[in-house]
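Chemist: I'd like to go over a predicted model; first the sequence, then the structure.
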Amino acid sequence: MISLAQLSKQLSEPSKPFDSWQPTHCGELPIVIDEQGQWFYDGSEITRIAMVKLFASALCKEGTQFYLKTPVEKIAIKVQDAPFIIVDWRFENTAQGKVLCCIDNIARQWLISADQPLAIQNYKGIAVPYLQLPYGCCARINRSVFYQWAEIAAEDERGYYIKSAEEKFYLS
């Protein structure tokens, strides 16, 4: 049976060495990621998914600011909430037990684990789970996925949770 680490490696795209890059800050681009995870350049939606995926592969968050980062430049962009939205999910069987595999709005797959946990944050006055992603990014769990998880959630003294890789991840 495949291990959690092997499955994670299979699902992930090649990672950029953001930590070793120390580019110069080059200003700001008129790119905005709206609350629905849609990307806009100067007010016009970027509809080519390949272009969105390219930009997403260079996205990181440092402090409270999002950047598109390359080895030679770092350009600030605006993100209204989370840059990505979890729109679907499934369970995968691994040597560490069942693991929740989440699919974001640009068809990338992420595993809920200790390395990528759920965190509860305020979204429009409501406590909502977000999946923590590499390089300071996160993905808000959309309403339909949340309701699907609520149907399979277990409860203990701390509240409702889902299990992934034999760990509890709370939904509130």
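Modeler: Received, thanks. What you see is a predicted model, and the numbers here were worked out from it, not measured in a lab.
Chemist: Quick one: neighbours of the spatially closest residue to A153 that is not a sequence neighbour, just the number.
Modeler: Distance criterion CB to CB, 6 or more residues apart in numbering; nearest residue to A153, sequence neighbours excluded, is Y160 at 4.2 Å. C-beta here means a position set from N, CA and C on the backbone, and glycine is covered the same way. Y160 is flanked by 15 other residues according to other CB atoms under 10 Å.
Chemist: my guess is Y160 contacts E151, does it?
Modeler: No. Using CB atoms under 8 Å as the test, Y160 is too far from E151 to be in contact (10.5 Å).
Chemist: Low-confidence regions, the protein specifically.
Modeler: Scanning the chain for pLDDT under 70 picks out 1-16, 18.
Chemist: Can you verify W110 is assigned to a helix?
Modeler: No. Remark: W110 does not belong to a helix; assigned using DSSP: H, G, I helix; E, B strand; the rest coil, it is strand.
Chemist: contacting residues for the closest residue in space to it that isn't next to it in sequence?
Modeler: Excluding the flanking residues, the one nearest W110 by CB to CB, 6+ apart is C102, at 4.9 Å. By CB atoms under 8 Å, 6 or more residues apart in numbering, the contact list for C102 reads 86, 88-89, 109-112, 131, 139, 141, 145.
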